[in-house]
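Undergrad: give me a model of this one.
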Amino acid sequence: MTGATHVVLAATATLILGQQSGHMPQGALAWGIVLGAALIPDIDEPRSTASNPAGLFNKLMPRWVQNFLNTPFQAISSSLRSVFGHRGATHYLIWPLVCGAIGWYYSLTMLWWLAWGYLLHLLADWVTQMGIPAFGPFRRRNFSILPKPLRIKTGGPVETLINTICWLYLLYAVYVYF
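TA: I've put the predicted structure just below:
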């Protein structure tokens, strides 16, 4: 899925979780962690939003400033991709599970929200055509939780529909709850 879809899915799922369970991120920092964590697994893709975060502000700063700010993220991205490939080690389920367990055990709320955003990213990629190596490093084979005919093409019409539905829900939720 694309970065925009990961972010809007994370916002929607977090809002639904908060409404159902009473556990909502408190403040801009917690929300930023959830939404940022929903992008982190794609740091291994040089064209991703996680590898080009200054691109989020492309109308506010010149291209050379964006390139300068993106340089460390691009270096990390290139290194990870050369070693693990895209959807490699950054897409293992073990990372959000360990972060979530540590966050829960030590009552580190922000770490728990990081794990939640990260997990939402993996769940979204798990229904795509490529799938994820969910059980790596023990089993590195990519697989999807959907049968082949139902898998979602990244950037395709079904993803666009999901993105639109999430945006409509968010607009509705802001109108009704806020």
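Undergrad: gap between the residue nearest to Ala37 when sequence neighbours are not counted and Gln66?
TA: The shortest distance from Ala37 to any residue other than its chain neighbours is 2.9 Å, reached at Gly117 (Cβ to Cβ, 6 or more residues apart in numbering). (Each C-beta comes from the backbone N, C-alpha and C, glycine too.) As for Gly117, its distance to Gln66 is 23 Å (criterion: Cβ to Cβ, to the nearest Å).
Undergrad: which of these two has more neighbours?
TA: Neighbours around Gly117 and Gln66, counted as other Cβ atoms under 10 Å, are more numerous at Gly117. The numbers are 29 against 18.
Undergrad: part of a helix, is that one?
TA: Yes: Gly117 sits within a helix when classified using DSSP: H, G, I helix; E, B strand; the rest coil.
Undergrad: tell me the spacing between it and Arg47.
TA: Relative to Arg47, and taking Cβ to Cβ, Gly117 is found at 20 Å.
Undergrad: center of the protein, which residue is that?
TA: For the chain, the residue nearest the mean C-alpha position is Ala38 (2.1 Å; Cα atoms, centre = their mean).
Undergrad: hang on, isn't it packed against Leu120?
TA: Yes: with contact defined as Cβ atoms under 8 Å, Ala38 and Leu120 form a contacting pair (5.4 Å).
Undergrad: now do the shared contacts for those two.
TA: Shared contacts of Ala38 and Leu120 (Cβ atoms under 8 Å, 6 or more residues apart in numbering): 6, 9-10.
Undergrad: which of these fall in strands?
TA: Among the shared contacts of Ala38 and Leu120, DSSP state E puts none in strands.
Undergrad: redo these as JSON lines? Include pLDDT and neighbour count.
TA: Compiled in JSON lines, the shared contacts of Ala38 and Leu120 are given as follows (pLDDT from 0 to 100; neighbours: other Cβ atoms under 10 Å):
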{"residue": "His6", "pLDDT": "96", "neighbour count": "27"}
{"residue": "Leu9", "pLDDT": "97", "neighbour count": "21"}
{"residue": "Ala10", "pLDDT": "97", "neighbour count": "26"}
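Undergrad: can you flag which of those belong to helices?
TA: Judged by DSSP state H, helices contain the following of those: 6, 9-10.
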